[in-house]
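>>> Predicted structure and sequence below. I'll ask about it afterward.
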Protein chains: 2
Amino acid sequence: MDAADQILPDAPRGAAPLTVEEFRDRLAEITDDLPRRLRQCADFIAANTDRIAVSTVAELAAGAEVPPSALMRFCQILGFSGFSEMQKLFREAYAPGFPDYSTRLKNLKNGGAGSPSALLGEFIEAGRLSLEALAKSADEAALAHAVQVLSGAATVHVVGLRRAFPVATYLAYVFEKMSVPAMLHDGVGKLDHRFALRPGDAVLAITFAPYSEETIALAQDAHDRGLPVVALTDRLTSPLARTADAILTVPEVDFGAFRSLSATIAMAIALAVAVGSARD
Amino acid sequence: MDAADQILPDAPRGAAPLTVEEFRDRLAEITDDLPRRLRQCADFIAANTDRIAVSTVAELAAGAEVPPSALMRFCQILGFSGFSEMQKLFREAYAPGFPDYSTRLKNLKNGGAGSPSALLGEFIEAGRLSLEALAKSADEAALAHAVQVLSGAATVHVVGLRRAFPVATYLAYVFEKMSVPAMLHDGVGKLDHRFALRPGDAVLAITFAPYSEETIALAQDAHDRGLPVVALTDRLTSPLARTADAILTVPEVDFGAFRSLSATIAMAIALAVAVGSARD
DNA sequence: CGAAAAATGGAATAAATATTCCAAAACGCG
DNA sequence: CGCGTTTTGGAATATTTATTCCATTTTTCG
């Protein structure tokens, strides 16, 4: 036949991934049936996707322990015209958005620290960063487990003091609206209401460094009595980790001395609403 | 004299910054006394530091609106041998957060309608949208005015109930930390503590539709007695508008029945911190 | 105003980097 | 085992990108 029939079998032209996500899908899709050297490329690229934007063909090839030409072929198999086109995707996808945080903080201290609008801008930014970090780091399995634990409880005891108190009150509000039996431990009058914990109940404890004595004590107490404890805290190394059956961490960005709470509240509402729905 | 005396005055060799921190310091240090074109380079680089790792000389030069040679000179003034050496610093420090935020968010949301992760994704998005809307719509004059009113108060009375209560408690916390005399009106025991309003005090009232009777009543009472009222609410047509001396509105995006509160809290902290600073 | 110094822009060159090509090796299959 | 096919490595080439150099312009200062 004529030239038109000489179709290249495994290099579909015009099928180059347009987003990082498409790229990953395509990579996963082809990795399995690839000859040895190209497989090495695929594995290395999958493990080092983030370095594509800032590396040369030679560097990546060396990392994957293949000659540069193998890496070129690999790019073409993915649908790109060559390495440069592939790199372009990652260079453009890298949308910074955040000129790093510590620098801005310094600028603010030096500059017009007094201006309320500047402060507002910083707190907005801290909130945004917190939410983005939460999106990236959220542990879906831990969340699902926490929902399961709380859904089975007769009454949910919510405890969080000082800076965590706003979160606790909001949780109490949402639980009430969703008809979930819940009790807010607010420490009013130094009454600890510890006797209120009944078999079948569960505790939702919220605390961040520096951790509140009272919150940890209540969680410990519940744990000792065999009640399940869900912790909403800042680190896996939090003192709640020992007593908790499910632990949810939220990466919260502080600005100055104050926590934005955005991420914590997002997590709290999601948890409460999920529990509310699960109980129906 | 001989060749050794021909020292280049403003290109200190071997003084290249070794970290991003050092780079920024050096940049800030020299920016002020730089001729026009080099100043343009400095300004553009300062604002786009994060793009250095993934750009070419030509791209950056175009961005700064200078010829490539000007940018080369700029690199050398900073102490680098050339652009490549400078870029190397940023390529090594380069650590993008993969998987990127929007991809990850999509994944969370696709976790099955009603699943906890999907809910979390929605609340994160609602929070982020709220913050962005606030960044765009914030009324600087109103904020500055509110700060001024509260700074002059002997005691700040914070009132906010139901869904606004978390914000009120957080404000009380921040005021306490900043040594601003403040009183939280929490409605415990249906005691309204109205008598606590003294001449020279001010009220900070927080409420959203559907507005709380008690909050509006307290604001009205204060207004009738000639005390200044600052309102943190959702619309300019809020019932607080009549009684308030300063009115701050926050555009909050709901998901389902629940408010994300991110924007409200950002505004609240900014207000509280600004007031705290102003009183010193 | 005029001379000296500094700064600038662009063209020329050097270096790095990507890409192609093809001969050699490995593989699959009758 | 031997023939056709696929895969591989590296050398050759093309392209992009960085860097230097110098004639021209602008600024500085006596």
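Thanks, I have the structure now.
>>> Could you tell me which residues of the stretch 101-250 of chain A lie near DNA strand C?
Nowhere does the stretch 101-250 of chain A come near DNA strand C, counting by C-beta under 7 Å from any atom of the strand. For the C-beta atoms, the positions are set from N, CA and C on the backbone; glycine is no exception.
>>> residue boundaries of the helices in the stretch 101-250 of chain A?
For the stretch 101-250 of chain A, the helices defined by DSSP state H, counting those that start in this stretch cover A:101-110, A:116-137, A:140-151, A:165-177, A:213-224.
>>> Which of those helices sits closest to B:Glu176?
Closest to B:Glu176 of the helices of the stretch 101-250 of chain A is helix A:165-177 (C-beta to C-beta; 11.5 Å).
>>> Does chain B have contacts with the closest one?
Yes - using C-beta under 8 Å from any C-beta of the partner chain, helix A:165-177 reaches chain B at A:165-167, A:169-170, A:173-174, A:177.
>>> Show me how far that helix is from its chain's centre.
In terms of C-alpha atoms, centre = their mean, to the nearest Å, the centre of helix A:165-177 is found 22 Å from the chain centre.
>>> what's the answer for stretch A:251-258, then?
17 Å.
>>> Repeat that for stretch A:158-165.
Between the mean C-alpha location of stretch A:158-165 and the chain-wide mean there is a distance of 22 Å, by C-alpha atoms, centre = their mean.
>>> Check what contacts that stretch and list those residues.
If you take C-beta atoms under 8 Å, 6 or more residues apart in numbering or on different chains as the criterion, stretch A:158-165 is touched by A:167-168, A:171-172, A:175, A:182-187, A:203-208, A:212, A:214-215, A:218-219, A:232, A:259, A:261, A:264, B:169-170, B:173.
>>> could you give the mean pLDDT of it?
Taken as a whole, stretch A:158-165 has an average pLDDT of 95.
>>> do stretch A:38-47 as well
For stretch A:38-47, the mean per-residue pLDDT is 91.
>>> What separation do you get for A:Ala46 and A:Ser277?
Look at A:Ala46 and A:Ser277: by C-beta to C-beta, to the nearest Å, they are 36 Å apart.
>>> Among these two, which residue is more densely surrounded?
A:Ser277 (17 against 12; other C-beta atoms under 10 Å in any protein chain shown).
>>> Worst mean pLDDT among the helices of the stretch 101-250 of chain A?
Least confidently modelled of the helices of the stretch 101-250 of chain A is helix A:101-110, at a mean of 47 by mean pLDDT.
>>> picking up where we left off before, just send the helices of the stretch 101-250 of chain A back as JSON lines, with mean neighbour count too.
Output for the helices of the stretch 101-250 of chain A, formatted as JSON lines (neighbours: other C-beta atoms under 10 Å in any protein chain shown):
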{"stretch": "helix A:101-110", "mean neighbour count": "14"}
{"stretch": "helix A:116-137", "mean neighbour count": "23"}
{"stretch": "helix A:140-151", "mean neighbour count": "19"}
{"stretch": "helix A:165-177", "mean neighbour count": "23"}
{"stretch": "helix A:213-224", "mean neighbour count": "18"}
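>>> For B:Leu38, find the nearest of those helices.
helix A:101-110 (21.4 Å).
>>> Let me see the contact set for the residue in the stretch 151-280 of chain A positioned nearest to DNA strand C.
Across the stretch 151-280 of chain A, no residue is closer to DNA strand C than A:Pro251, which sits at 34.2 Å (C-beta to the nearest atom of the strand). Going by C-beta under 8 Å, 6+ apart, A:Pro251 touches A:130, A:133-134, A:137, A:234, A:263.
>>> and the gap between it and chain B?
In this view, A:Pro251 and chain B are 11 Å apart by C-beta to the nearest C-beta, to the nearest Å.
>>> same check, this time on A:Arg91
The value you get for A:Arg91 to chain B, if C-beta to the nearest C-beta is used, is 4 Å.
>>> neighbours around the nearest residue to that residue once chain neighbours are set aside, how many?
Leaving aside its chain neighbours, A:Arg91 sits nearest to B:Val54 (4.2 Å; criterion: C-beta to C-beta, 6 or more residues apart in numbering or on different chains). B:Val54: 22 surrounding residues under other C-beta under 10 Å.
>>> circling back: out of the helices of the stretch 101-250 of chain A, the one nearest B:Cys75 is which?
B:Cys75 lies closest to helix A:101-110 among these, at 20.2 Å (C-beta to C-beta).
>>> circling back to that earlier point, with respect to A:Leu27, which of the helices of the stretch 101-250 of chain A lies nearest?
Among those, the nearest to A:Leu27 by C-beta to C-beta is helix A:116-137 (20.1 Å).
>>> Can you name the residue of chain A nearest to DNA strand D?
Minimum separation of chain A from DNA strand D (C-beta to the nearest atom of the strand) falls at A:Ser69, amounting to 2.9 Å.
>>> circling back: if we check chain B, which of the contacts of A:Pro251 are in contact?
Applying C-beta under 8 Å from any C-beta, the subset of these adjacent to chain B comprises A:134, A:263.
>>> A:Val167 contacts A:Ile265, correct?
Yes - between A:Val167 and A:Ile265 there is a contact under C-beta atoms under 8 Å: 6.1 Å.
>>> in the helix or strand harbouring A:Met267, what's buried?
Using DSSP states H and E, A:Met267 sits in helix A:262-278. Of all the residues in helix A:262-278, those buried under the rule 16 or more other C-beta atoms under 10 Å in any protein chain shown are A:262-277.
>>> per the record, what domains does chain A have?
Annotated domains of chain A cover A:3-93, A:133-278 [automatic domain parsing].
>>> By mean pLDDT, show me the worst of those domains.
domain A:3-93 (a mean of 84).
>>> if we can go back for a sec, what is in contact with A:Val167 and A:Ile265 at once?
B:Pro166.
>>> Closest to the centroid, which residue in chain A?
A:Ser137 (2.0 Å; C-alpha atoms, centre = their mean).
>>> Buried residues of stretch A:197-209, list them for me.
Within stretch A:197-209, the residues that count as buried by 16+ other C-beta under 10 Å are A:197, A:201-208.
>>> For the residues you listed, which two are the farthest from each other?
A:Asp201 and A:Phe208 (23.8 Å).
>>> Identify the residues contacting A:Asn48.
A:60, A:63.
>>> Pop out the phi and psi values for A:Arg36.
Note on A:Arg36: its backbone torsions stand at phi -50, psi -60 [degrees, to the nearest 10].
>>> okay, now it: neighbour count?
Neighbours of A:Arg36 under the rule other C-beta under 10 Å: 8.
>>> For it, give its distance to A:Arg73.
Here the criterion is C-beta to C-beta. By it, A:Arg36 lies 12 Å from A:Arg73.
>>> Settle this for me: A:Leu197 is touching A:Val203, isn't it.
Yes - A:Leu197 lies in contact with A:Val203 (C-beta under 8 Å); the separation is 7.2 Å.
>>> what do these two both touch?
Among the neighbours of A:Leu197, those also in contact with A:Val203 (C-beta under 8 Å, 6+ apart) are A:157, A:222, A:227.
>>> Look up the residues forming beta bridges with the first one.
Beta-bridge partners of A:His157, counted by DSSP bridges, are A:Met183, A:Val203.
>>> nearest residue to A:Phe258 other than its sequence neighbours?
The shortest distance from A:Phe258 to any non-neighbouring residue, by C-beta to C-beta, 6+ apart, is to B:Ile269 (5.3 Å).
>>> which residues touch the one you found?
Counting by C-beta under 8 Å, 6+ apart, the residues that B:Ile269 touches are A:123, A:255, A:258, A:260, B:170, B:174.
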